[in-house]
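Participant: Here's a sequence, model it:
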Amino acid sequence: MTARPVLQGLVIDLSPLRSGRGFRIVFAVRLISLFGGGFRLVALPMQVYAMTGSSVLVASVSVVNGLAGFAGTVLGGVLADRLDRRRLMLVSLAVETLVVGLFAVNTHLPGGPLLAVVYLCATVNGVIGTMGLIAQQSMVPRLVGPDRLPAAGALLALTAQFGAAA
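Facilitator: The predicted model follows:
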């Protein structure tokens, strides 16, 4: 037995990234989205605590964000089945960008940030961001084909782990 077959079982198959431009784009967008989402999951509670000093409000913004993400999963699945997935992904990215801009503006308001805006942004970003991720995931089978789907799934799982760790 040679070393090559043994190593193939230990290394992630990168063939979906080499096989098509579409998957490379979705992979990069997902990586950036999850990376930004990871920052948001850390920044929101920190900002709420800095504003209020309340652990209860920190927990509540995390609950709001989690519930919004759940709603986005359900809604995103339905919409990804009924609408153009590419358009759904692009619209969600545009809305997420606007929400991040609103977070920044809110942070620098002369009287200090408004807690209601933080909750609103957490809700919108949770729903829309998750809808975009669902749209991205649902595009993958068409982009890579059935033979490369397990490898593409492994790569997407890697992006999720990287985004969470970062």
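Participant: can you count the residues close to Ser60?
Facilitator: Per other CB atoms under 10 Å, the neighbour tally for Ser60 reads 15. To be clear about C-beta, it is placed using only N, CA and C from the backbone, and glycine gets the same treatment.
Participant: how near is it to Ile25?
Facilitator: Note on Ser60: its distance to Ile25, by CB to CB, to the nearest Å, is 36 Å.
Participant: The residue nearest the centre of the chain in helix, strand or coil?
Facilitator: Among the residues of the chain, the one closest to the centroid is Leu34, at 3.9 Å (CA atoms, centre = their mean). With DSSP: H, G, I helix; E, B strand; the rest coil as the basis, Leu34 sits in helix.
Participant: Point out where the chain drops to low pLDDT.
Facilitator: Counting by pLDDT under 70, the ranges of the chain that qualify are 1-10, 163-166.
Participant: Skipping adjacent residues, who's closest to Asp81 in space?
Facilitator: Once flanking residues are discounted, Asp81 sits nearest to Ser138: 7.6 Å by CB to CB, 6 or more residues apart in numbering.
Participant: name the element the one you found belongs to?
Facilitator: Using DSSP states H and E, Ser138 sits in helix 115-144.
Participant: Counting by contacts, list what that helix packs against.
Facilitator: Under the contact criterion of 3 or more CB pairs under 8 Å, 6 or more residues apart in numbering; DSSP states H and E, helix 115-144 touches helix 15-19, helix 21-52, helix 55-82, helix 85-107, helix 149-165.
Participant: Now do that helix against helix 85-107: the angle between them, please.
Facilitator: 160 degrees (axes from the mean of the first three to the mean of the last three CA atoms, to 10 degrees).
Participant: List the buried residues in helix 115-144.
Facilitator: The neighbour-count check on helix 115-144 (16 or more other CB atoms under 10 Å) flags 115, 118-119, 121-140, 143-144 as buried.
Participant: Centre of the chain to it, how far?
Facilitator: In terms of CA atoms, centre = their mean, to the nearest Å, the centre of helix 115-144 is found 6 Å from the chain centre.
Participant: and what of stretch 152-163?
Facilitator: Put simply, stretch 152-163 sits 11 Å off its chain's centre (CA atoms, centre = their mean).
Participant: Pull out the buried positions in it.
Facilitator: Residues of stretch 152-163 classed as buried by neighbour count (16+ other CB under 10 Å): Ala152, Leu155, Leu156, Thr159, Gly163.
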